[in-house]
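Engineer: build me a model:
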Amino acid sequence: MKIIPEIVKSFFKKNFRKGFNAYYLLVLTIILLTIGTQSIVQYSLAKQSSDAVVINIAGRQRMLSQKVVKEFYNCRYGEKCEYGELKSALASLRRVDRDLQEGNEKIGIFPLKNEDIRMNFAMLRPYFNGILNALDNVQNLEDVSVSDLKYNEKQFVILMDKIVWQFQKESEKDISNMMILEKYLAILSVLIVLIEIIFIVNPIINRIVKQNKKLEEIAWHQSHAFSNHVKNIKDHQYVLKVEKNPERQKEIIKFVVEELDGVEQVSEFMVKALKKA
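Structural biologist: Take a look at the predicted model:
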């Protein structure tokens, strides 16, 4: 009677494999959507962090130009000249200008790609070089033209104000684009999940319901028809052991064969029912 467990085992193996494959597809899709969403969110946060650093450093660049001129005045007209402070401010001015245009991985700044901002940096270059060339040689500060230095510093600050504003607008545009992208991704995620619920989850549920009905039918036949046949066979077997009349034994054997035919019919019905499931 091992045929019944084998049939049921085959049934589960065939049908639930389909269900699990669909389930794995659903889970994989959700995982990919989650990874995609998180990747965009993390990139957006990194970009916003970089933009904040750039805006902060661009604002610092204006301050450095003013500090350079202030240290020049201290050395030119003040009682005490801090040449070290002047040289340090000039070095910082150069380094920040390079970082803003070429990027700096250590502080999280990406290379500049915006062509409009690059054009403004190109326009800034003559005034930037004018400040550096005038103050690079601290031994010749007396020869520096104060009017030229003030003019270069003034134009430098005006253009840096414009560049800072452009960096801010670019950052706001990036944030707006990221928000739109995340909304579209959220809508796409919901649509994909709904489609998978309709075409994967619901069919799985319907299949399980149908399978349960088939299993209930099989269980009923096994508990009633099949069990009755087995019980009758056991009863005939017991009678056959104690019966001494050959004619009567043949009759009992005939009954046993009929019950075995009944068991075979029940088994065939169960196999057909499982194949349709």
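
Engineer: quick one: M178 and D51 touch, right?
Structural biologist: No - the pair M178 / D51 is not scored as a contact, 11.0 Å apart, by CB atoms under 8 Å. Placement of C-beta: from N, CA and C, glycine included.

Engineer: when these two are compared, which one has more neighbours?
Structural biologist: More crowded of M178 and D51, by other CB atoms under 10 Å: D51, with 20 against 17.

Engineer: what does N114 show for phi and psi?
Structural biologist: Dihedral angles of N114 (phi, psi; degrees, to the nearest 10) stand at phi -70, psi 120.

Engineer: hmm, it is touching Q166, no?
Structural biologist: Yes - between N114 and Q166 there is a contact at 7.1 Å, judged by CB under 8 Å.

Engineer: overlap in contacts, these two.
Structural biologist: Contact criterion CB atoms under 8 Å, 6 or more residues apart in numbering; residues shared by N114 and Q166: none found.

Engineer: how about stretch 69-85: buried residues?
Structural biologist: Across stretch 69-85, burial judged by 16 or more other CB atoms under 10 Å covers 69, 71-72, 74-75, 81.

Engineer: and the residue of the chain positioned farthest from its centre, what's its pLDDT?
Structural biologist: No residue in the chain sits farther from the centre than N245, which is 81.9 Å out by CA atoms, centre = their mean. Looking at N245, its pLDDT reads 76.

Engineer: so where's the stretch 101-250 of the chain uncertain?
Structural biologist: Where the stretch 101-250 of the chain drops to pLDDT under 70, the residues are 138, 218, 221-226, 236, 238-240.

Engineer: switch the cut-off to 90
Structural biologist: Counting by pLDDT under 90, the stretch 101-250 of the chain has low-confidence residues at 103-114, 131-147, 149-150, 167-250.

Engineer: what helices or strands is the host helix or strand of I205 leaning on?
Structural biologist: For I205, the element it lies in under DSSP states H and E is helix 202-221. In this structure, helix 202-221 packs against helix 3-77, helix 246-276, with contacts taken as 3 or more CB pairs under 8 Å, 6 or more residues apart in numbering; DSSP states H and E.

Engineer: tabulate those (a markdown table), appending distance to S88.
Structural biologist: Formatted as a markdown table, those follow (distance: least, CB to CB, whole Å):
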| stretch | distance to S88 |
| --- | --- |
| helix 3-77 | 9 |
| helix 246-276 | 85 |
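
Engineer: do you know which of those lies nearest N152?
Structural biologist: helix 3-77 (8.8 Å; CB to CB).

Engineer: quick one, that closest one and helix 246-276 angle?
Structural biologist: 20 degrees (axes from the mean of the first three to the mean of the last three CA atoms, to 10 degrees).

Engineer: which element follows helix 3-77 toward the C-terminus?
Structural biologist: Once the chain leaves helix 3-77, the next helix or strand it forms, by DSSP H and E, is helix 83-102.

Engineer: that following helix packs against which elements?
Structural biologist: helix 3-77, helix 115-135.

Engineer: try 10 Å this time
Structural biologist: Secondary-structure packing of helix 83-102 (3 or more CB pairs under 10 Å, 6 or more residues apart in numbering; DSSP states H and E): helix 3-77, helix 115-135, helix 146-196.

Engineer: next, the residue farthest from the centre of the chain: phi, psi?
Structural biologist: When read as degrees, to the nearest 10, the backbone of N245 gives phi -80, psi 120.

Engineer: same check, this time on N104
Structural biologist: Here is the backbone geometry of N104 (degrees, to the nearest 10): phi -150, psi 110.
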